[in-house]
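Peer 1: Have a look at this prediction, sequence included:
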Amino acid sequence: MTAMLNVKDLRAYYGQVQALHGLSFALNEGSLTTLLGANGAGKTTTLRAICNMVRSTGAIEFEGKPLSGKSTENVVRLGIAHVPQGRGTFTTMTVEENLQLGAITRNDKKNIVSDIERMYDHFPVLKERHTQQAGTLSGGEQQMLAVARALMLRPRLMLLDEPSFGLAPLIVRDLFKILGKINREDKVTILVVEQNAQLALELADQAYVIETGKIVMSGNAKEIASNEDVRKSYLGY
Amino acid sequence: MELFTNQVLAGIATGAIYACMALAVVMIYQAIDHLNFAQGEMAMFSTFISWQLMQWGVPYWWSFLLTLAISFAGGILIERLLFKPLAKAPVLTNVAGFIALFAIVNSVAGLTWDFTIKQYPTPFGSAPFLGSQLISTHQAGMIGVTLLMLVGLYLFFQFTRIGLAMRAAAALPESARLVGVNTSWMIALGWGMASAIGAVAGILIAPVVFLEPNMMGGVLVYGFAAAVLGGLSSPLGAVIGGFLVGVFENLAGTYIPGVGNELKLPIALALIITVLVFKPAGLFGRAIVKRV
Amino acid sequence: MSVAAEDTVTEAPAVEAVPKRAMTLGTGTSLVILAALLVTPVFVKNFVVFQMTMVMIYGIAVLALNILTGGSGQFSLGQSAFYALGAYTSAVLMENFNVNYALTLPIAGLVSFGAGYLFGKPALRLSGIYLALATFALAVAMPQLLKLHFLEHWTGGVQGLTVMKPDAPFGLPIGQDKWLYYFTLAISVAIYVGSVNLLRSRSGRAFMSIRDNEIAASAMGVDVAQYKTLAFGVSAGITGIAGGLSAIVVAFVAPDSYTINLAIALFLGMVVGGVGWLPGSFVGAAFIIFVPNIAESISKGLSGAVFGVLLFIVIFLVPHGARQVAIVAQQMLGKFKN
């Protein structure tokens, strides 16, 4: 397996404030990796830096191509879908329009239609509500919509920023099950940022732990889960 | 009663102009959250271009289409050159930019075509419409063109991918970029469309108010009033707002003693302030929620 | 860096914050300038004296706008309306009621303050572009209001009003223009000093807290609505005094002197002078008086284009206006000395 995404010595800044201090990690093609860390550790910033939404230095390569200097939309066009924190739902548009927007960079009209149907299979509740304004959906439904919208890109890599945020535990389980399925069946490499470490480690095969803008631990998800420090700090037992 | 119907119809006819102007205002507002104070001047300039083309012997409809194309390109050019660099600047800087544009366009039009008023032709003629004494064919034509434009815009925004992308870019720029929309170009496109819509407004109104560099000053204020009344985020609202302002203006001029022609602008002013104070979202707009 | 904070969208302030200390000149510099202003009329022609008087009058009006925008972060494109109100108040009082010209000024100020306060009352709910919009409409509508038929008896309608130019009092042996120059200078100094003190006072700090962050200001107990209206009123009042002065000095008022173009000029003066830098107001005023003269002498109708182009140049190259130029000059002077 080759590394699909290679991040080297990533430093990111908000104005004068440095949020990432030389972060390096790699994602294998087809893997499901989780990035763990406390509030303010720099998880979201890492995802935003990959899509060039914050000022950053260092090298990020996607399938051998450097991403630096590319605008956010051009990074996305390479096949990197990003489900942002807060889901980024277009609340005034219908569910179906949100899905169409996910495929806005694609030109294969017929496949778009069938992809929308496929999303409705993944998330039947979206089909029920396809003419409804997305803002009227519940939090869980909106998160599903966000994932579905990202998948409409037919991405090679999907970045998810705290998909469990604000959702009921049962819904989170459902969502993670679907993520696993997408990873296995659709061969989408996934990087998921999570505060819910337990669930994320169950789901993932690789894991990185980030603290104050640096990677402090990395490895197989099961090993990480059994690490005593991680257990104490993030799993709480 | 006949006077009333008369005034309402005349109001709808003038309202069509305001509706066009308001549409242009809303287009820019949607794209960049700013009001283009130079919108009227840009429309005036476009009208002069079409006039110039006709002077050179280009037939009416060809000059109309050419002017739309030139205005569209011009709007994009202005955005790329002057306002794109200001995207992240404070509101004050942007307002200053619009004011500067206002002054430049007005002045250049005056220098090029001087400040004397000029006749401008109408393709609809000015005979009574359908034999009615109430409105002329030109006025009917104005209403028709405005409604046609509204339908066109509706279809564009609802049923084309680029329209969808433009809506997304206006609603949530960051999310739009994350699905791969080039929001920067969507803004430029919004400018181009607003500029072309403004050109239509100018061409429609020129036969009524005559062509001269200051022809749009008052009209723009009405356009703002209409856009504010209808809700700055709603093209449909802008058009309805335009018609309402036109009717309101005419009725006030007829029935409120002392108003007459000279108080029409102050009435638009009063209307703007009243709406902004009591219903800032307008009749059809979404409420503006400021995140704390 | 808190992760949660990253995604929070807060509205950018309407204008960039100006450090408080940078809003004025030092005492020494001020006194030198004042001395220069006192002796200049002795050496120059009457017409130049008149123009300098106009610079001071526009300077007061720009200063008023600066208090509003630089101080409290609100916008107005309608200052010409308050200027007109002040001018007409003075003119009407002098011509129709034989009030002494000096006495008309406080009345002009009060009338404009009242109008500004009343206009600001509903407008204070608006921020940024909405306020700009409402005031823009006010500026466009004002000439029409001044032409109203039923006011014609006092205002002279479209023709306007001619006012008697006052002579120097106490038999002072100086001409009208020079006397009005000193009269205007005295008022300008008084208003300038008053404004500086206002911005340093409790109210001034309240203004600035609103400018920098309205929500935080209200959380700290600043009555945002009250102070915004007050800033609007004060600004309108000072503009009214400037307008009154202009009626006396120009000896003529007419509706078409107070169009949106005047409001644009005042706005331009503020931007050129540097938003929030009070001395810059007078630099900006000089700019808006002399540049059109030069432009119009080249070609009629050119001044608008020149204004516009210069405004863009200022926005792109020196966004802080004359203040920035002054700072750079100071630094270069410093280098030169070493």
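Peer 2: Yep, that arrived. Worth saying up front: this structure is predicted, and the values here are computed from it rather than measured. Numbers count the residues shown, from 1 in each chain, chains lettered A, B, ... in the order given.

Peer 1: Find the closest residue to chain C in chain A.
Peer 2: residue A:19 (4.0 Å; C-beta to the nearest C-beta). Glycine gets a C-beta too; all of them are placed from N, C-alpha and C.

Peer 1: Select the longest helix from the chain.
Peer 2: No chain specified, so I'll use chain A. helix A:169-185 (DSSP state H).

Peer 1: Please refer instead to chain C.
Peer 2: Assigned via DSSP H, chain C shows its longest helix as helix C:224-250.

Peer 1: Go through that one and flag the buried ones.
Peer 2: C:224, C:227-250 (16 or more other C-beta atoms under 10 Å in any protein chain shown).

Peer 1: Bridged to residue A:17, which residues?
Peer 2: residue A:14 (DSSP bridges).

Peer 1: Could you report the pLDDT at it?
Peer 2: The confidence metric pLDDT takes the value 85 at residue A:17.

Peer 1: Burial check on it, number of neighbours?
Peer 2: Neighbours of residue A:17 under the rule other C-beta atoms under 10 Å in any protein chain shown: 8.

Peer 1: Likewise for residue B:75?
Peer 2: Neighbours of residue B:75 (other C-beta under 10 Å): 29.

Peer 1: what helix or strand does it sit in?
Peer 2: helix B:60-78 (DSSP states H and E).

Peer 1: Same question for residue B:204.
Peer 2: Residue B:204 belongs to helix B:183-209, assigned by DSSP H and E.

Peer 1: now that helix: how far from the chain's centre is it?
Peer 2: 7 Å (C-alpha atoms, centre = their mean, to the nearest Å).

Peer 1: Is any residue of the top helix by length along chain B near chain A?
Peer 2: If you go by DSSP H, chain B has its longest helix at helix B:2-32. No - using C-beta under 8 Å from any C-beta of the partner chain, helix B:2-32 stays clear of chain A, coming no nearer than 11.7 Å.

Peer 1: buried set for that helix?
Peer 2: Those buried within helix B:2-32 under the rule 16+ other C-beta under 10 Å are B:6-32.

Peer 1: pLDDT of it, averaged?
Peer 2: Per-residue scores along helix B:2-32 average to 83.

Peer 1: name the helices or strands packed onto that helix?
Peer 2: helix B:39-55, helix B:137-159, helix B:161-171, helix B:183-209, helix B:217-230, helix B:235-255 (3 or more C-beta pairs under 8 Å, 6 or more residues apart in numbering or on different chains; DSSP states H and E).

Peer 1: between that helix and helix B:39-55, how big is the angle?
Peer 2: Angle of helix B:2-32 versus helix B:39-55, following axes from the mean of the first three to the mean of the last three C-alpha atoms, to 10 degrees, is 100 degrees.

Peer 1: and helix B:2-32 with helix B:183-209, angle?
Peer 2: Going by the same axes, to 10 degrees, helix B:2-32 makes 160 degrees with helix B:183-209.

Peer 1: Skipping its backbone neighbours, what lies nearest the residue of the stretch 1-150 of chain B at minimum distance from chain A in space?
Peer 2: As assessed by C-beta to the nearest C-beta, chain A sits closest to residue B:30 within the stretch 1-150 of chain B, at 11.7 Å. Spatial nearest neighbour of residue B:30, excluding adjacent residues (C-beta to C-beta, 6 or more residues apart in numbering or on different chains): residue B:170 at 4.5 Å.

Peer 1: for residue A:203, same thing?
Peer 2: In space, residue A:203 is closest to residue A:176, 5.0 Å off (C-beta to C-beta, 6+ apart).
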